[in-house]
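1. Using only what follows, build the 3D model:
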Amino acid sequence: MTASPFDQSRYQLRFDWGRNGLQRLAPADVVVVVDVLRFSSTVSARVAGGETVPHDESAHAVSRNGAAVASAAAGTGAVVFLGCLRNATAVAHAVLAEQNRRGARTSVSIIAAGELAGEGDAAVLRFSVEDQLGAGAVFAALETLGLDHSSPEAAAASEAFRGLRSAVRHLLTASGSGQELLARDRRAEVLAAAVHDADDVVPVLRDGVWSAYEVSAG
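-> Residues are numbered from 1 along each chain as shown. Have a look, this model is predicted:
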């Protein structure tokens, strides 16, 4: 099969948006799903607190998009992590540990969930600044660890985070998704999602459950 110019298969680190983006990219060994407000951040905090979180429960509670991306990623046979601002460096270390466990160069697709506007078949994917920054934070952490064979799309996300890192809290609260949650009296959740590297564990999806990634379990 001829490679698509959009599958980013030449690169170790790849970046795209939503379920269509996951399908567009070449198959990867590891998929990191980023849905900052609120799926990734909520599940990350719960797993960091010692919980295991059933995927169906987490999906119905906080996401109709990020959870769908995670389900699709699991169907590819990839190791599926949840990434966000809260656990960006921990995700990078988990990816490196997975590569070391495999003993081979490991391809990584980071999928920003984005926001679904509208309902049913009429729903369209909307860019979300919080997911761009969350994905960029993970890419930046991976590059710090020496995993830096990045696609142009991944490199741009990384530099967006590096350049805007000091403004992340403001950008999340001022974003459309942040404003929507503030209007629902969920300001505390937005602020919690904006904290960089608050969690030192990484949710991994296995057998329909999110639990803390451990190298020995890989």
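
2. okay, CA-based contacts and neighbour counts for the rest of this
-> Will do.

3. Make sure Val33 is actually in contact with Ala68.
-> No. Counting by C-alpha atoms under 8 Å, Val33 does not reach Ala68; the two are 9.9 Å apart.

4. In terms of packing, which of the two has more residues around it?
-> For Val33 versus Ala68, neighbours defined as other C-alpha atoms under 10 Å are more numerous around Val33 (30 against 17).

5. my read is that one is in a helix, agree?
-> No. Read with DSSP: H, G, I helix; E, B strand; the rest coil, Val33 is strand and lies in no helix.

6. any idea how far Val53 is from it?
-> Distance of Val33 to Val53, given as C-alpha to C-alpha, to the nearest Å: 16 Å.

7. what bits of the chain have low per-residue confidence?
-> 1-2, 58-64, 118-122, 216-218 (pLDDT under 70).

8. residue boundaries of the helices in it?
-> In the chain, the segments counted as helices under DSSP state H are 18-24, 39-48, 55-62, 66-74, 88-102, 129-144, 152-164, 168-174, 176-183, 187-193.

9. Put the alpha carbons of the fourth one into CSV.
-> Listed next in CSV are the C-alpha coordinates belonging to helix 66-74 (Å, rounded to 0.1, in the frame of the first residue of the first chain):
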residue,chain,number,x,y,z
GLY,A,66,-12.0,11.8,23.8
ALA,A,67,-13.4,8.5,25.0
ALA,A,68,-14.4,7.6,21.4
VAL,A,69,-10.9,8.3,20.2
ALA,A,70,-9.5,6.1,23.0
SER,A,71,-11.8,3.3,22.0
ALA,A,72,-10.8,3.5,18.4
ALA,A,73,-7.1,3.6,19.3
ALA,A,74,-7.5,0.5,21.5
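
10. what's near enough to touch the residue most central in space within the chain?
-> The centroid of the chain falls nearest to Val34 when counting by C-alpha atoms, centre = their mean (2.1 Å). Shown in contact with Val34 (C-alpha atoms under 8 Å, 6 or more residues apart in numbering): Ser40, Gly66, Leu82, Gly83, Cys84, Ile110, Ile111, Ala112, Ala113, Asp131, Gly134, Ala135.

11. before we move on, the earlier item: find the one among the helices of the chain with the highest mean neighbour count.
-> helix 129-144 (a mean of 26; mean count of other C-alpha atoms under 10 Å).

12. got the angle for it vs helix 39-48?
-> 60 degrees (axes from the mean of the first three to the mean of the last three C-alpha atoms, to 10 degrees).
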